[in-house]
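>>> For reference, the sequence and a predicted model appear below.
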Amino acid sequence: MNEAAFYFIAAGVCVFAVMAVTGRDIFHCALWLAMTLLSVAGIYFYLDAPFLGVIQILVYVGGIITLFVFAIKLTANIGYKSIRQTSKQWALALFITALLLCVLSRVFAAHPWAQTVLNVPAASIAQIGRSLMMNYAVPFEFMSVILLAAMVGAIVIGKDKR
Amino acid sequence: MHIAHFIPLFPFLAFVIDILIGRRLKIASAYIATGACVLSFIFSLKVYQDFSCGAGSYDLGTWLVIAGKPLNFGIIIDPLSIMMLLIVSFIGTFILIYSIGYMHDDPRFSRYFAYISLFMSSMLGLVLADNFILLLIFWEGVGLCSYLLIAFWHERPAAAAAGLKAFVTTRIGDTGFLIGILLLFFTCGTFHFTDLKSVTGPEPLLTIAAILIFMGAMGKSAQFPLHVWLPDAMEGPTAVSALIHAATMVAAGVYLVARCFPLFVAHPIALQTVAVIGGISALMAASMATVNNDIKRVLAYSTISQLGLMMLGLGLGSVSAGTFHLMTHAFFKALLFLCAGSVIHSVGIQDIQKMGGLFSKMKITGTTFCIGTLALAGVPPFAGFWSKDEILLTAWQNHHPVFLILALLTSLLTAFYMARLIFLVLFGTARSQMHPHESPMSMTIPLMVLSIFAFGAGFWGAPIKEGFIEGESHGAGMIMTISTLVSLTGLLTAYLIYVRRITLLPLSVLNSLQGLKTLLINKYYIDEIYDRVLIQPCLRLCRASFDFDSNIVDGLVNAMAFVTQYCSGVIRRSQTGLIQNYLLIQVFGVVLLLIWLLKL
Amino acid sequence: MIPLEYFTLLSAFLFCVGIYGALTRRNVIGILISIELILNAANINLVAFNKYLGTKDALGQIFSLFVIAIAAAASVVGLVLIIAIYRNAKTLFTDGLTLMKD
């Protein structure tokens, strides 16, 4: 049952991702991306990381996808289906990416991973919060600075010069 | 520092001022040039006055040391250089005054005076130089000024071509001159004129050096076969023709031979060459002058002829004869050219067949013209008579009957063509519409002053040549009589032919002379021969070289450029400017690196 | 139980799809979408390693959180840049944006 759920979600991830990068309508692509991200959130739930799954849905699907849709709508006239969305080097790119996939698969398959699953209890939200605020407080603060900088930068760049 | 050092300096300063701010000075530029020339003349007089205690060589300092031998900035003061200084600065002064009137309306008025000043400076320096190198510098200086002034009206193609011709032709002589100087230096190790008396060295080399030095003189003094530039040089302003191409610069060749005379005397073959070339030039040019119809060209051929006579005098071994004729000739030839300039200024044409009857309208010019003619024709007691007589006497005394006859023939022709010139120009009836008028004061005053000297320089010259003169000797009276008779015959013949219009010879003889006349009018076809033999092959070589250069040399370069361009065009395609192209290559590189690093 | 390799393979596939998209999309927004996929591929790996290889105080999850935050910041800046480019060049197609060449 559990395994079937994984295969189902993983298939969703793969299919949606492929749709997201090959679709003709950029708006649809954004929606396919949202589906992909939801599926990845499912993977997180499956891997006993419910907090991350929720964050994924909240931040990505709720925030970033919304931003994408805004951007697409602001630059509206280029999203039509009639316009070719893939460049001429797609065949070469496909070949190289396939090669890359082969390389990565061989690496992952060949590596002697620990076969026994450690019976680590799933980290609770409280645990995560504690380690974020204690052990990883400094990176956490840096992260907030980066977010602030991105926000200010976005405002400056996006401001209409006229 | 001798006062003579200042003499070339004044005209040079005038040149600097005129060339830099002459345009703003307008007429004042002429006064500056003339004033500088007057100062030079006064200083020359002073040098003449102090001569008795000041002869010799004066160094300003060492310039170069070549092969252990010092080369000085030196000047030489002796009768020869003093005579030249006086002639050049004196005639130069009057020609500058004359030019103020003659060039009055010219748009490049101040430029003209700048060039003339530079010429005066170079010429005075040339005369003073006490070694070959310094002389050569000033020699080239006068050559440059000559070129600039012949081509002064460079808008006229003929003037530009004449300037070029003069420059290139004299350049041939100058090349010989330079080689001669170097040959002399490497055989006997001196550049200084004062050492020439005592040079010793391998005989044939020194003779060749002397002949090569004479080549320079041939170019500058327009002697056969390098005489072709002088008639064409008449495209320049007439005052320039008078100053440069009659009185001073062309005399530089004669001066050079006189200056190096010890060298020539020591090598009889070289001296013979001088005499032969001089004789040929004298007769040849005189014969060409008899048929020419351009007032200035007749005088130009006359100049060549008279310079030839001077060379003949020198070549016969008498410095005094040659330089004395140089002096008198400078006066009356300058006078004649200025008269011609005055005529041209007045009527605006140069063809003597179209003139006539100008005497009544231009009294001063006419009178002075006649005085100049008599002086040149050698009628006693005018200046030309005395100096020409010296040359004839030298030929007689040294037992050279061929040269004596040559000189007498030249003398006959001279009298003939000069008489023809004035009869056609001044007397008879006008043969075309002309409105002659007397020239302004600034032009007539120099004419009058110079005519006094054309008349009297023969007597005045005597004290100057004290340094050279030999005692009167047997045959002098006879030569004088013959010379006078010859001159008068020439004048009379011209009178009969051109005024009385009498046919002297039977028609059959005249007809047979027609061929000779054609030959003379075409200047012995020398220009054509040069063109065929020298210029055309040279041009063909140039064209062939040009083709080689433009097709093969340039072709190679162009081919290299094309290959580079083509290759870069190919390589350039990789630079698409599309970031995804670059990214693709980058990813490919990463994949390759992964494969290699993980040893897959 | 699903072996760890399956997750890594899923992640590799997602990564390659993202790379492919970044290499081929003509639209700049499409490239940004592809970059999000790549980041998610990384996240799957981190979370899977956290579960299977076991770490102290859920380090993999915290790392993923940071990645998500970075991704958010990157998307914000990226999208604003896209709008700025569009405003100037009136296009978002990469083959129209060849300033590096011209």
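Sure thing, it's come through.
>>> Tell me which stretches of the chain form helices.
By default, I'm working from chain A. A:2-22, A:26-46, A:50-55, A:65-74, A:90-110, A:125-133, A:137-158 (DSSP state H).
>>> I was after chain C.
Under the criterion DSSP H, chain C carries helices at the ranges C:4-24, C:28-53, C:59-89.
>>> mind giving me a markdown table with these and columns for mean neighbour count and distance to chain A?
Where you see a C-beta, it was placed from the backbone N, CA and C, and this is true even at glycine. Below are those laid out as a markdown table (neighbours: other CB atoms under 10 Å in any protein chain shown; distance: least, CB to the nearest CB, whole Å):
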| stretch | mean neighbour count | distance to chain A |
| --- | --- | --- |
| helix C:4-24 | 23 | 3 |
| helix C:28-53 | 23 | 5 |
| helix C:59-89 | 19 | 4 |
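>>> between the ones you listed, which one is nearest to residue B:300?
Closest to residue B:300 of the helices of chain C, according to CB to CB: helix C:59-89, at 78.8 Å.
>>> how about that closest one against chain B, any contact?
No: Helix C:59-89 is not in contact with chain B by CB under 8 Å from any CB of the partner chain; minimum separation 12.1 Å.
>>> and that helix, how far out from the chain's middle?
Relative to the centre of its chain, helix C:59-89 is centred 9 Å away, using CA atoms, centre = their mean, to the nearest Å.
>>> So which other helices or strands are in contact with it?
Taking 3 or more CB pairs under 8 Å, 6 or more residues apart in numbering or on different chains; DSSP states H and E as the contact definition, the neighbouring helices and strands of helix C:59-89 are helix A:50-55, helix A:65-74, helix A:125-133, helix A:137-158, helix C:28-53.
>>> could you redo those helices as TSV and give each row mean pLDDT?
Supplementary listing: these in TSV, determined by pLDDT from 0 to 100:
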stretch	mean pLDDT
helix A:50-55	90
helix A:65-74	86
helix A:125-133	86
helix A:137-158	91
helix C:28-53	89
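>>> Can you tell me the element residue B:333 falls in?
Assessed by DSSP states H and E, residue B:333 sits inside helix B:319-347.
>>> Give the buried residues for that helix.
By neighbour count on 16 or more other CB atoms under 10 Å in any protein chain shown, the buried set for helix B:319-347 is B:319-347.
>>> residues touching the spatially most central residue of chain A, list them.
Within chain A, one residue has its C-alpha closest to the average C-alpha position: by CA atoms, centre = their mean, that is residue A:37, at 5.4 Å. Counting by CB atoms under 8 Å, 6 or more residues apart in numbering or on different chains, residue A:37 makes contact with A:56, A:57, A:60, A:61, A:65, C:36, C:40.
>>> Also residue A:106?
With contacts defined as CB under 8 Å, 6+ apart, residue A:106 is in contact with residue B:600.
>>> And it, how close does it get to residue C:85?
39 Å (CB to CB, to the nearest Å).
>>> can you map out the strands along the stretch 51-200 of chain B?
Per DSSP state E, counting those that start in this stretch, the stretch 51-200 of chain B carries strands over the ranges B:56-66, B:69-77.
>>> Switch these over to a markdown table; also include mean neighbour count and distance to residue B:181.
As requested, those are arranged in a markdown table below (neighbours: other CB atoms under 10 Å in any protein chain shown; distance: least, CB to CB, whole Å):
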| stretch | mean neighbour count | distance to residue B:181 |
| --- | --- | --- |
| strand B:56-66 | 13 | 12 |
| strand B:69-77 | 19 | 12 |
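>>> Distance to residue C:21 for the ones you listed - can I get that in JSON lines?
Compiled in JSON lines, the strands of the stretch 51-200 of chain B are given as follows (distance: least, CB to CB, whole Å):
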{"stretch": "strand B:56-66", "distance to residue C:21": "83"}
{"stretch": "strand B:69-77", "distance to residue C:21": "87"}
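>>> Output the ones you listed in CSV; the columns should cover mean pLDDT.
As requested, the strands of the stretch 51-200 of chain B are exported to CSV (pLDDT from 0 to 100):
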stretch, mean pLDDT
strand B:56-66, 77
strand B:69-77, 81
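>>> want to throw these into TSV with distance to chain A?
Listed next are these as TSV, based on distance: least, CB to the nearest CB, whole Å:
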stretch	distance to chain A
strand B:56-66	72
strand B:69-77	74
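>>> Among these, which comes closest to residue A:69?
Between residue A:69 and the strands of the stretch 51-200 of chain B, the shortest gap by CB to CB is with strand B:56-66, which sits at 91.0 Å.
>>> Packing partners of that closest one?
Using 3+ CB pairs under 8 Å, 6+ apart, strand B:56-66 sits against strand B:69-77.
>>> Might you calculate how far the strand it packs on sits from the centre of the chain?
25 Å.
>>> which other helices and strands contact that strand?
For strand B:69-77, the elements it packs on are strand B:56-66, helix B:109-128, helix B:132-150, judged by 3+ CB pairs under 8 Å, 6+ apart.
>>> Columns distance to residue B:36 on top of these, output as a markdown table?
A markdown table is the format used below for the helices and strands packed on strand B:69-77 (distance: least, CB to CB, whole Å):
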| stretch | distance to residue B:36 |
| --- | --- |
| strand B:56-66 | 20 |
| helix B:109-128 | 6 |
| helix B:132-150 | 15 |
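>>> Out of these, which one sits most buried?
Ranked by mean neighbour count, those are led by helix B:109-128 with a mean of 26 (mean count of other CB atoms under 10 Å in any protein chain shown).
>>> Please save the CA atoms from it in CSV.
Listed in CSV are the C-alpha atoms of helix B:109-128, where the atom choice follows Å, rounded to 0.1, in the frame of the first residue of the first chain:
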residue,chain,number,x,y,z
PHE,B,109,53.1,88.3,-51.9
SER,B,110,54.7,87.7,-48.5
ARG,B,111,55.4,84.1,-49.3
TYR,B,112,57.4,85.2,-52.3
PHE,B,113,59.6,87.4,-50.2
ALA,B,114,60.0,84.7,-47.6
TYR,B,115,61.3,82.4,-50.3
ILE,B,116,63.6,85.0,-51.8
SER,B,117,65.0,85.7,-48.3
LEU,B,118,65.7,82.1,-47.7
PHE,B,119,67.4,82.0,-51.1
MET,B,120,69.5,85.0,-50.3
SER,B,121,70.5,83.4,-47.0
SER,B,122,71.4,80.1,-48.6
MET,B,123,73.3,81.8,-51.4
LEU,B,124,75.3,84.0,-49.1
GLY,B,125,76.0,80.9,-46.9
LEU,B,126,77.1,79.0,-50.0
VAL,B,127,79.6,81.6,-50.9
LEU,B,128,81.0,81.8,-47.4
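>>> tell me the angle the strand or helix carrying residue B:254 makes with helix B:319-347.
Here residue B:254, judged by DSSP H and E, is contained in helix B:251-259. If you take axes from the mean of the first three to the mean of the last three CA atoms, to 10 degrees, helix B:251-259 sits at 170 degrees to helix B:319-347.
>>> tell me the mean pLDDT over helix B:251-259?
Averaging pLDDT along helix B:251-259 yields 89.
>>> Remind me what the next helix or strand after that helix packs against, helices and strands.
Secondary structure here is assigned by DSSP H and E; on that basis, the next helix or strand after helix B:251-259 toward the C-terminus is helix B:261-266. Under the contact criterion of 3+ CB pairs under 8 Å, 6+ apart, helix B:261-266 touches helix B:203-220, helix B:268-289.
>>> Just put the ones you listed in JSON lines and tack on distance to residue B:437 and mean pLDDT.
Formatted as JSON lines, these follow (distance: least, CB to CB, whole Å; pLDDT from 0 to 100):
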{"stretch": "helix B:203-220", "distance to residue B:437": "37", "mean pLDDT": "87"}
{"stretch": "helix B:268-289", "distance to residue B:437": "28", "mean pLDDT": "89"}
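>>> Can you tell me which of those helices is nearest to chain A?
Distance to chain A, taken as CB to the nearest CB, is lowest for helix B:203-220 among those, at 77.0 Å.
>>> Look up how far chain C lies from residue B:531.
60 Å (CB to the nearest CB, to the nearest Å).
>>> That residue: neighbour count?
Here the neighbour count serves as a burial measure; for residue B:531 (other CB atoms under 10 Å in any protein chain shown) it reads 12.
>>> okay, residue B:53: pLDDT?
We have a pLDDT of 61 for residue B:53.
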